[in-house]
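Undergrad: Just to be clear, the model below is a prediction. Sequence and coordinates:
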Amino acid sequence: MQRRRVAVLISGRGSNMAALIEATKDRDFPAEIVLVLSNRPDAGGLATAQANNIATAVVDHKTYGKDRAAFEQALQAELVKHRIELICLAGFMRLLTPWFVGQWRERMLNIHPALLPSFKGLDTHQRALDTGVKLHGATVHFVVPEMDSGPIIAQGAVAVRDDDTEATLAARVIAVEHRIYPLALRLVAAGRVRVENGRCRIDGSNGPDAAFIAPTLRL
Ligand code: GRF
């Protein structure tokens, strides 16, 4: 089996990156992480990648000032150098231009800490609490030029509890993220995801029969 060569792009602690690294240690996984790239030299995830003997690179956006095109050309050069086939954005806090996104159409995944299309953008957990939704979660999707949009590959839901704080809700959502990102990468790398009319069709999958209802009552 030819494993797809993946770059994970980070800006911070990289816990999703770590989950992807763990999952891809399985020799049967259809992808391998060959590069971790950060736009911040101080990203905590870089050390985790190095500890796992994965090549790292830093393309510091500050060096490029307002020149987004030059920043993205530098990113692209690193990706080409490492013969990257798929990109996973994992807490990568830079908006990407249509040019860059176009280079990686249906080959670049992102994870967002909400059930898209609800709660695009930042502070998703607090906004979910403020809105009073009973179900919240996370989404892995293909990247398109509009932020936090694009065909949805996988989602995971958690119940929101009356006593949740932003921190307790975030903790349950991140645990779901660490499960759905490896799942989504596995499906894409294995060629099991087809995009039709902006929607992902997954070969050989059924939605689970169970409905997920919140709240549940204590009797
Ligand atoms: C995650 O919540 C992810 O959904 C969002 O940024 C956060 C990154 O966390 N895009 P980590 O660096 O993967 O721990």
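TA: Perfect, I can see it now.
Undergrad: Alongside the ligand, which residues does the protein contribute?
TA: Where proximity means C-beta under 6 Å from any ligand atom, the interface of the chain facing the ligand comprises 10, 12-17, 90-91, 111-113, 174, 177. Bear in mind the C-beta positions are built from the backbone N, C-alpha and C, glycine included.
Undergrad: can you rerun that using 8 Å?
TA: Within the chain, the residues that sit near the ligand (C-beta under 8 Å from any ligand atom) are 10-19, 44-45, 89-93, 110-113, 138, 170, 173-174, 177.
Undergrad: Spatially nearest residue to residue 92, not counting backbone neighbours?
TA: For residue 92, the nearest residue in space outside its immediate sequence neighbours is residue 9; the separation is 4.1 Å by C-beta to C-beta, 6 or more residues apart in numbering.
Undergrad: So what pairs up with residue 196 in the strands?
TA: residue 199 (DSSP bridges).
Undergrad: and it, how many residues sit next to it?
TA: Here the count is done by other C-beta atoms under 10 Å, and residue 196 has 8 residues near it.
Undergrad: Now do it, the pLDDT please.
TA: At residue 196, the model reports a pLDDT of 97.
Undergrad: same check, this time on residue 218
TA: Each residue has a pLDDT score; the one for residue 218 is 83.
Undergrad: Just the mean pLDDT for the helix or strand the residue nearest to residue 92 falls within, thanks.
TA: If you go by DSSP states H and E, residue 9 is part of strand 4-10. The average pLDDT within strand 4-10 is 98.
Undergrad: Give me the sheet partners of that strand and which way each runs.
TA: Under the rule (DSSP bridges), strand 4-10 has strand 31-38 (parallel), strand 86-89 (parallel) as partners.
Undergrad: Redo these as JSON lines? Include mean neighbour count.
TA: Listed next are the strands paired with strand 4-10 as JSON lines, based on neighbours: other C-beta atoms under 10 Å:
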{"stretch": "strand 31-38", "mean neighbour count": "22"}
{"stretch": "strand 86-89", "mean neighbour count": "23"}
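Undergrad: Residue 219: which of these is closest?
TA: strand 86-89 (43.2 Å; C-beta to C-beta).
Undergrad: so how far is that closest one off the chain centroid?
TA: 8 Å (C-alpha atoms, centre = their mean, to the nearest Å).
Undergrad: picking that back up, could you measure the residue nearest to residue 92 against residue 114, distance?
TA: Using C-beta to C-beta, to the nearest Å, we find residue 9 at a distance of 20 Å from residue 114.
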